[in-house]
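>>> Got a sequence here, can you model it:
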Amino acid sequence: MSNSVAKVTEIICSSSKSFDDAVENGIERASKSLKGITGAWVADQKVTVSNGKIDEYRVVLKVTFVLAD
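This next block holds a predicted model:
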């Protein structure tokens with residue numbers, strides 16, 4: 001039986017469409033740099049507003065990945 005060690009890193013992602021799209025963009029981009037991603041959770045979310053309309057959806061993700069042996 002092998003033991004594994006996981007690490008959590010924080011990333012900030014955005015989308016002009018929705019919070020869900022911002023999460024998907026973040027995971028897709030993180031997967032290019034981080035190998036072994038096993039999960040993520042939304043730690044925070046906010047929007048930017050311009051002229052009374054939502055301009056951008058932003059999320060802070062905590063991404064969990066397993067460290068390589």
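
>>> ok but Lys17 is inside a helix, no?
No. In this structure, Lys17 is coil, not part of a helix, as judged by DSSP: H, G, I helix; E, B strand; the rest coil.

>>> Let me see the contact set for the nearest residue to it once chain neighbours are set aside.
Distances taken as Cβ to Cβ, 6 or more residues apart in numbering put Tyr57 closest to Lys17, at 7.1 Å, once the chain neighbours are dropped. For the C-beta atoms, the positions are set from N, CA and C on the backbone; glycine is no exception. When contacts are counted by Cβ atoms under 8 Å, 6 or more residues apart in numbering, Tyr57 touches 14-19, 21-22, 45, 47.

>>> Max pairwise distance over the residues you listed: which two?
The most widely separated members of the contacts of Tyr57, counting by Cβ to Cβ, are Ser16 and Gln45 (14.6 Å).

>>> what about the strands in the chain?
In order along the chain, the chain carries the following strands (DSSP state E): 6-15, 37-50, 53-66.

>>> For Glu28, which of the ones you listed is the nearest?
When those are ranked by proximity to Glu28, the top entry is strand 6-15, at 9.1 Å, counting by Cβ to Cβ.

>>> List the residues that contact Lys53.
Taking Cβ under 8 Å, 6+ apart as the definition, Lys53 has no contacts.

>>> Let's see that with 10 Å instead.
Lys53 is in contact with Val47, counting by Cβ atoms under 10 Å, 6 or more residues apart in numbering.

>>> ok, it to Val5 distance?
With distances taken as Cβ to Cβ, to the nearest Å, Lys53 is found 45 Å from Val5.
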